[in-house]
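Student: Just to be clear, the model below is a prediction. Sequence and coordinates:
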Number of protein chains: 2
Amino acid sequence: MALARQRPGMTAAFAMDALCARILERHRDSIKVQKPHLAVPNLTRIIGATLTLSNKHGFHATTLRQLAEASGLSMGGLYTYFDSKPTLLAMILGEVAETVNEVLTAPPADVRQDARKHLHWFIATHVRMSEAMQPWFVFSFMEAKSFPPAERQRAIDMEVMTERIIADIIKQGVAGGVFSVDQVTLTASLIKPLLQDWYVKRAKYRRRGTSIEAYINAVGTFVDAALSAPSRSRTTAGSRSKSRPMAHP
Amino acid sequence: MALARQRPGMTAAFAMDALCARILERHRDSIKVQKPHLAVPNLTRIIGATLTLSNKHGFHATTLRQLAEASGLSMGGLYTYFDSKPTLLAMILGEVAETVNEVLTAPPADVRQDARKHLHWFIATHVRMSEAMQPWFVFSFMEAKSFPPAERQRAIDMEVMTERIIADIIKQGVAGGVFSVDQVTLTASLIKPLLQDWYVKRAKYRRRGTSIEAYINAVGTFVDAALSAPSRSRTTAGSRSKSRPMAHP
DNA sequence: AAAAAAAGAACGGGCGCTCGCTCAGAAAAT
DNA sequence: ATTTTCTGAGCGAGCGCCCGTTCTTTTTTT
């Protein structure tokens, strides 16, 4: 709520109601309730309960009875909002995929020219979006393996897309002489988990009092240093990799 | 199999049989089968099937009937090896925790003195261990949220432990003037996900043909660069973080 | 009054788990 | 050496429960 006031444009767009209104739109045919003034609040409570319960016990382990209780609807009532449990899953995943796609592929004009600025924008935007939509991101990440094939493929495509964006920015920076990287794709795939850690291990960072600004800053510094480095200092790689077998003591 | 020949000391210790023999030892009281020559192969098939099925559909979604079929035992036979489904979970988690603990806290003597070498050893060892025990690591990571409280706490402790080891190495390097880092704990927590990515997204790296040596090398280079950097070049942090709200186009 | 929305009992099926049982092979008795 | 007894390992139908889903009925809205 406090955050909503600080960053109205961003947080309003990622608010539960807004996201659920979009879901309602996209699933107008399978949702039986027509009036938005009834459907939006109910759908919001249903999705909210789904995210909360699933992120605690897993989607599969979350039962429709728990969902009914937590959302304040009956079993039958639930089924006026989706026609099966997998559909409920698809609603959530689809909304995340669409939102991520819209946000990350639209960098502001002034940022596009400068690779370093673009990368920092990407880092900050990803972390902030995942903060505002944390339960959605955790849900998508953790439930990915149990998706039906179509959703599964979409999840993979999303991962590939974000990585390609990062790789393209790095390439641009290398071309412009700002960055010095020899394995662009591999480097890009190492940056991704730094962004994901913020929402996957959100509880840890909260416990430690790490602010989102501090995190964005740390990732930015870390990545900057790694990309700009001379990177010619480690020729001992081969010998290191052979140096020692691991064994139980 | 090919790998087993290349690194016998390491891979033998992480082989299914060896790990399951240790489980048998640790759960001698709750496992009803006494003869190891019967128990070890059976337990190995049970655990193997559990890892395979759970990593595909989730532990909760894996039924004992599937497990019986996949392991070649009957429903009743299964229950001579564990007294409940949660116990089966605990067996696997306990073994991972114990092994990780033993391996990572025992760096070779020649590595302890040199922070950079120690860090590289840690990276290589972690990645290689998670490669040899990939299904175990994936299981522990993905099922963590549905652990019973005791196991849950152990998982958190494990995460904290690895991070503290990394942080200690960094501190040592900073003290020795090898590294230059101002937020040691936060930096350490950024290195952890780089190690985890290898097993969490193993399929992606396999698809791309990224070798384990290439990955270890890339992480080593990346981390080295980030830790050794002058790190005083980014004073625009504050302005960047305020620069732009995100919104749907 | 008609239509839309919500309720909740009911259903078939699959879940984790149990328990009476079989039977090979070791131990004891002959 | 042969027979008998015993025991631990494994089997699988069956139990009670709760799952996702449906359907008739009631309530609310228009």
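Tutor: Perfect, thanks for sending it.
Student: wait, does stretch A:23-41 contact DNA strand D?
Tutor: Yes - using C-beta under 7 Å from any atom of the strand, we find that stretch A:23-41 touches DNA strand D at A:35, A:37. C-beta here means a position set from N, CA and C on the backbone, and glycine is covered the same way.
Student: Likewise for stretch A:71-79?
Tutor: Yes - counting by C-beta under 7 Å from any atom of the strand, DNA strand D is contacted by stretch A:71-79 at A:75, A:76, A:79.
Student: Show me where chain A dips below the pLDDT cut-off.
Tutor: For chain A, the stretches with pLDDT under 70 are A:1-9, A:229-249.
Student: One more pass at 50, please.
Tutor: Applying pLDDT under 50 to chain A flags the ranges A:1-5, A:231-249.
Student: Close to DNA strand D: what parts of it are there?
Tutor: Counting by C-beta under 7 Å from any atom of the strand, chain A sits next to DNA strand D at A:35, A:37, A:62-66, A:75-76, A:79, A:83-86.
Student: Can you tell me which of these is nearest residue A:45?
Tutor: Distance to residue A:45, by C-beta to C-beta, is smallest for residue A:66 among the residues of chain A next to DNA strand D, at 13.1 Å.
Student: Identify the residues contacting the residue nearest to the closest one when sequence neighbours are not counted.
Tutor: Closest residue in space to residue A:66, ignoring its immediate chain neighbours: residue A:53 at 5.8 Å, by C-beta to C-beta, 6 or more residues apart in numbering or on different chains. Counting by C-beta atoms under 8 Å, 6 or more residues apart in numbering or on different chains, residue A:53 makes contact with A:62, A:66, A:67, A:70.
Student: and what of residue A:27?
Tutor: A:82, A:87, A:91.
Student: May I have the phi/psi pair for it?
Tutor: phi -120, psi 30 (degrees, to the nearest 10).
Student: tell me which element whatever residue of chain A ends up closest to DNA strand C is part of?
Tutor: Nearest to DNA strand C, among the residues of chain A, is residue A:76, at 1.8 Å (C-beta to the nearest atom of the strand). Using DSSP states H and E, residue A:76 sits in helix A:75-78.
Student: okay, the helix or strand that contains residue A:121 in PDB with CA atoms only?
Tutor: Using DSSP H and E, residue A:121 sits in helix A:115-132. C-alpha atoms of helix A:115-132 as PDB (Å, rounded to 0.1, in the frame of the first residue of the first chain):
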ATOM      1  CA  ALA A 115      24.100  -0.800 -23.600                       C
ATOM      2  CA  ARG A 116      25.100  -0.300 -20.000                       C
ATOM      3  CA  LYS A 117      22.000   1.900 -19.300                       C
ATOM      4  CA  HIS A 118      19.900  -0.700 -21.100                       C
ATOM      5  CA  LEU A 119      21.200  -3.500 -19.000                       C
ATOM      6  CA  HIS A 120      20.700  -1.600 -15.800                       C
ATOM      7  CA  TRP A 121      17.200  -0.700 -16.800                       C
ATOM      8  CA  PHE A 122      16.500  -4.400 -17.500                       C
ATOM      9  CA  ILE A 123      17.900  -5.500 -14.200                       C
ATOM     10  CA  ALA A 124      15.900  -2.800 -12.200                       C
ATOM     11  CA  THR A 125      12.700  -3.400 -14.200                       C
ATOM     12  CA  HIS A 126      12.900  -7.200 -13.800                       C
ATOM     13  CA  VAL A 127      13.500  -7.000 -10.100                       C
ATOM     14  CA  ARG A 128      10.800  -4.400  -9.500                       C
ATOM     15  CA  MET A 129       8.300  -6.300 -11.500                       C
ATOM     16  CA  SER A 130       9.000  -9.500  -9.700                       C
ATOM     17  CA  GLU A 131       8.700  -7.600  -6.400                       C
ATOM     18  CA  ALA A 132       5.300  -6.300  -7.300                       C
END
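Student: Is there contact, residue-wise, from it to chain B?
Tutor: Yes - using C-beta under 8 Å from any C-beta of the partner chain, helix A:115-132 reaches chain B at A:120, A:121, A:124, A:125, A:128, A:129.
Student: What subset of the contacts of residue A:27 is buried?
Tutor: Applying 16 or more other C-beta atoms under 10 Å in any protein chain shown to these, the neighbour count classes A:82, A:91 as buried.
Student: can you list the contacts of residue A:27 in TSV and add secondary structure and distance to chain B?
Tutor: Output for the contacts of residue A:27, formatted as TSV (DSSP: H, G, I helix; E, B strand; the rest coil; distance: C-beta to the nearest C-beta, whole Å):
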residue	secondary structure	distance to chain B
A:82	coil	20
A:87	helix	18
A:91	helix	18
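Student: so how many other residues sit close to the spatially closest residue to residue A:138 that is not a sequence neighbour?
Tutor: Leaving aside its chain neighbours, residue A:138 sits nearest to residue A:55 (5.1 Å; criterion: C-beta to C-beta, 6+ apart). The burial count assigned to residue A:55 is 20, neighbours taken as other C-beta atoms under 10 Å in any protein chain shown.
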